[in-house]
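> Give me a 3D structure for the following:
(2 chains)
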Amino acid sequence: MSNSSDILVSTRGLSFSRGSRQIFDDIDIDIKRGSVTAFMGPSGTGKTTLLRLIGGQLRPDSGKVLVDGEEVHALKRAQLYQLRKRMGMLFQNGALLTDMNVYDNVAFPLREHTDLPERLIRDLVLMKLHAVGLRGARKLMPSELSGGMARRVALARAIALDPMMIMYDEPFTGQDPISMGVLVNLIRLLNDALGLTSIIVSHDIAETAAIADDIYLLSGGKVVAHGSADELKQSGSEWAKQFIEGLPDGPVPFHYPAEDYAHDLLNGGAA
Amino acid sequence: MKSVMDSLQSLGHKGSGFFERLGRASILFYHILAGVPGLFLRYPLMIQQIYSVGVLSLLIIVVSGLFVGMVLGLQGYNTLVDFGAEESLGVVVALSLVRELGPVVTALLFAGRAGSALTAEIGLMKATEQLSAMEMMAIDPIRRVLAPRFLAGFFSMPLLAAIFSAVGVIGGYIVGVGLLGVDDGAYWSQMQAKVDLHEDIYNGVIKSIAFGVIVTWIAVFEGYDAVPTSEGVSRATTRTVVHSSLAVLGTDFILTALMFGEH
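Got it, this is the predicted structure:
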């Protein structure tokens, strides 16, 4: 590990389980300031859970999460809320407040957290909306937006308070090629222009690999591979190969664990 | 033997589930109350909710109040006229409404109209991650979303019950005096003489405040606690109406026994 102040988010020995299912088992992660870091893995590996652990919405069974030097789960509620003001999060479907229009959605965190006069809020909101190309859509309601537009509005809202980092939960899922391209570019552009640190959780390999500096592959509660996109492609890991090339069978089996096939057919009594 | 054990086990499971929910609801209630003082500085939030919880319930309350009052006028007249006491119709109508029907029927209608809407709204906000998004924006959804709705219910319910009773008295007047020929002056003057401010009106108001707290508490809790799927929200909405109606009727019996039981 290089100088610790280069690292914005890190986890040490992070374990988390839901019921009897172990989702993370002793995971160590380091996310560099200013980088775009991606977490990829099959569905159900707890990628979204990881974001919720970093944001303090879930509590780990053991281990710790450090964000900007603060241990997230040791913070009191008020301190956690202070920390969250410096974190933006983009939810899978935008999670815009449906009873407000686009403008009010972006203004929402500013109005809640600052006493700025309305004229200044207006300027800030228009700047954020301009950054995502939706200044002209400010009067629309969330129900009138396409999925891609809703995510861009949510992105404008996430950067409203000028956070130090943004977490993206499956930003590319269900997008057409054009809005996918728009989002991919926006994430990289905003990260570099605003000096953010971005964390992306996704299973869209090509798009994510194109903008990520650093990629973690997660499976079975463990980090199975880590490195830049090129490093992962060249690594000898069977698992990374299967995931990146989308092969149906390999270290991640096609079949759900079951008893022997022939035995099951011949001796099966009950279904 | 096994089936007995199984049913005992499921009974115990249900029992512990009930107390677990009650515990969660109580903690939520505490958090909502903690958020209430801050709301007086942000009254526009509350005004907006009073509009959607209270004002939008007005129509159903007024129409129901009118019909209930008219039925009371008719039934009361038919009974009283046998004893030549139809002049007391005003008292019968007013006392029935102010003591019982006003608060209780209003609360039942309120649970169906406003309670279900609150649960569905909050449950859908949860299902679409809006509440989660607020938390991540460092905004407490209990203070920002739940507390204003709760307070709106708290203020709206007694006002709606008062309107229900007032309209009901007019309904009784229309039928009793207008159609059946009870003396106009007797209707009002007997009512004025026999309806007591403390005994009847205040107790009715206390009831409606209690019902308002119960219904809105159940409604916001069910929404906040809903399983965040479409099925979960629909179940939560149903539970709001069923549980709050039962709770209102049960509480009404207890309050009535305490207020009018023995003198």
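> What confidence value was assigned to residue 144?
Just so you know, I chose chain A. Looking at A:E144, its pLDDT reads 92.
> wait, chain B
90.
> quick one, what contacts the nearest residue to B:A114 once chain neighbours are set aside?
Among residues not flanking B:A114 along the chain, B:V53 sits closest, at 4.7 Å (C-beta to C-beta, 6 or more residues apart in numbering or on different chains). Backbone N, C-alpha and C define where each C-beta goes, glycine included. Neighbour list for B:V53: B:114, B:117-118, B:149, B:152-153, B:156, B:216 [criterion: C-beta atoms under 8 Å, 6 or more residues apart in numbering or on different chains].
> Check which helix or strand the nearest residue to A:L75 once chain neighbours are set aside maps to.
Nearest non-adjacent residue to A:L75, counting by C-beta to C-beta, 6+ apart: A:L83, 6.4 Å away. If you go by DSSP states H and E, A:L83 is part of helix A:77-84.
> does any part of the strand or helix carrying A:F16 sit near chain B?
Using DSSP H and E, A:F16 sits in strand A:7-18. No: using C-beta under 8 Å from any C-beta of the partner chain, strand A:7-18 stays clear of chain B, with a minimum separation of 14.6 Å.
> Now do the longest helix anywhere in chain B: which elements does it pack against?
As assigned by DSSP state H, the longest helix anywhere in chain B is helix B:2-39. Secondary-structure packing of helix B:2-39 (3 or more C-beta pairs under 8 Å, 6 or more residues apart in numbering or on different chains; DSSP states H and E): helix B:147-173, helix B:203-225.
> Tell me the buried residues in the first one?
Think helix B:147-173. B:147-173 (16 or more other C-beta atoms under 10 Å in any protein chain shown).
> Which residues are in contact with residue 109?
Going with chain A. Per C-beta under 8 Å, 6+ apart, neighbours of A:P109: A:157, A:160-161, B:137-139.
> was after chain B, sorry
B:57, B:60-61, B:64.
> So it versus A:G56, what's the distance?
Remark: distance between B:L109 and A:G56 (C-beta to C-beta, to the nearest Å) = 42 Å.
> Spell out which residues of chain B are next to chain A.
B:125, B:128-130, B:132-133, B:135-140, B:144.
> Would you show me how to pick out the buried ones of these in ChimeraX?
To isolate the buried ones among the residues of chain B next to chain A in ChimeraX, judged by 16+ other C-beta under 10 Å, type:
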select /B:125,128,129,130,132,133,135,136,137,138,139,140,144
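> Just the closest of the residues of chain B next to chain A to A:E170, please.
B:E129 (11.8 Å; C-beta to C-beta).
> Just the pLDDT at the nearest residue to that closest one once chain neighbours are set aside, thanks.
Nearest residue to B:E129, sequence neighbours excluded (C-beta to C-beta, 6+ apart): A:A95, at 4.0 Å. Listed pLDDT for A:A95 reads 90.
> For A:A95, grab the count of nearby residues.
Neighbour count of A:A95, defined by other C-beta atoms under 10 Å in any protein chain shown: 26.
> how about it, what does it touch?
A:A95 neighbours (C-beta under 8 Å, 6+ apart): A:154, B:128-130, B:132-133.
> give me that answer again for 10 Å
A:89, A:105, A:142, A:150-151, A:154, A:157, A:169, B:125, B:128-134, B:136-137 (C-beta atoms under 10 Å, 6 or more residues apart in numbering or on different chains).
> what about the strands in the stretch 1-150 of chain A?
Per DSSP state E, counting those that start in this stretch, the stretch 1-150 of chain A has strands spanning A:7-18, A:21-32, A:36-40, A:62-67, A:70-71, A:87-90. These are given in chain order.
> Can you tell me which of those strands is most buried?
strand A:87-90 (a mean of 26; mean count of other C-beta atoms under 10 Å in any protein chain shown).
> returning to that earlier point: output the strands of the stretch 1-150 of chain A as JSON lines; include the columns mean pLDDT.
Formatted as JSON lines, the strands of the stretch 1-150 of chain A follow (pLDDT from 0 to 100):
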{"stretch": "strand A:7-18", "mean pLDDT": "89"}
{"stretch": "strand A:21-32", "mean pLDDT": "88"}
{"stretch": "strand A:36-40", "mean pLDDT": "90"}
{"stretch": "strand A:62-67", "mean pLDDT": "90"}
{"stretch": "strand A:70-71", "mean pLDDT": "89"}
{"stretch": "strand A:87-90", "mean pLDDT": "90"}
